[in-house]
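> Structural data only, the sequence is not supplied:
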């Protein structure tokens, strides 16, 4: 199975103009997941080792939470068969010269890092949960030179605003902005209905 499944053009059910207007004045939080997530002891060893090469100077993005902005209509949830509860939605802004290194999604911003006792979730638990979770990758602009979404078996380098891909759970992937313009993507994570 491919790491990224193209689902189609859904520009008619997302208010892109409102989303981009929000992005202009969003409260952006700088994130370097190599420092905060990939180095944790429950992550695959190759992710822990590679995290020493990446830092806020070459592996940084900016996040803005949009869950509370009412961008998602009942049609959105119906079309993608997602429960309209407990979902997460963020805009990721990646400046030129930054990379999100290869990783498997453990969904820390969605389900957290630890169980109720404070123990890190195991790889097995995450693998089981990922079957119940859907993550959608939604570019907020047309592709630009150097903007890539990659996995061991696939590279996506062409898209238009309105396209939607599913990031298949349990698959290694990453993204790059080796271009000249900031890259804006909406990442939506929810429970399958």
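Everything's here; your move. Predicted model only: the values in this text are computed from it and were never measured.
> tell me the phi and psi of residue 101?
Dihedral pair for residue 101: phi -60, psi 160, per degrees, to the nearest 10.
> Now do the contacts for it.
34, 38, 47, 50, 51, 53, 54, 59, 174 (C-beta atoms under 8 Å, 6 or more residues apart in numbering). C-betas here are computed from N, CA, C, even on glycine.
> Now do the second one, the pLDDT please.
Read it as residue 38. Among the per-residue scores, residue 38 shows a pLDDT of 71.
> The last one too?
At residue 174, the predicted lDDT confidence score is 94.
> okay but it is in contact with residue 105, surely?
No - contact criterion C-beta atoms under 8 Å: residue 174 and residue 105 do not qualify, at 10.7 Å.
> And these two? Which one has more around it.
residue 105 (21 against 15; other C-beta atoms under 10 Å).
> Pop out the phi and psi values for that one.
For residue 105, the backbone dihedrals (degrees, to the nearest 10) come out as phi -70, psi 130.
> So residue 43, which state does it fall into?
Three-state call for residue 43 (DSSP: H, G, I helix; E, B strand; the rest coil): coil.
> and it, what does it touch?
So residue 43 contacts 37, 103, 106 (C-beta under 8 Å, 6+ apart).
> How about the contacts made by the second one?
Contact criterion C-beta under 8 Å, 6+ apart gives 33, 37, 38, 43, 47, 172, 173, 174 as the residues in contact with residue 103.
> for it, which residues make a bridge with it?
residue 173 (DSSP bridges).
> where does it land on pLDDT?
Model confidence at residue 103, given as pLDDT, is 88.
> what number of residues lie near residue 52?
Counted with other C-beta under 10 Å, the neighbours of residue 52 add up to 10.
> and if you look at residue 57?
By other C-beta under 10 Å, neighbour count at residue 57 equals 9.
> go on, residue 159?
Residue 159: 20 neighbours (other C-beta under 10 Å).
> distance of it from residue 127?
28 Å (C-beta to C-beta, to the nearest Å).
> Also residue 160?
Distance, residue 160 to residue 127, by C-beta to C-beta: 33 Å.
> Same check on residue 47?
15 Å.
> Neighbour count: these two, which is higher?
residue 47 (20 against 13).
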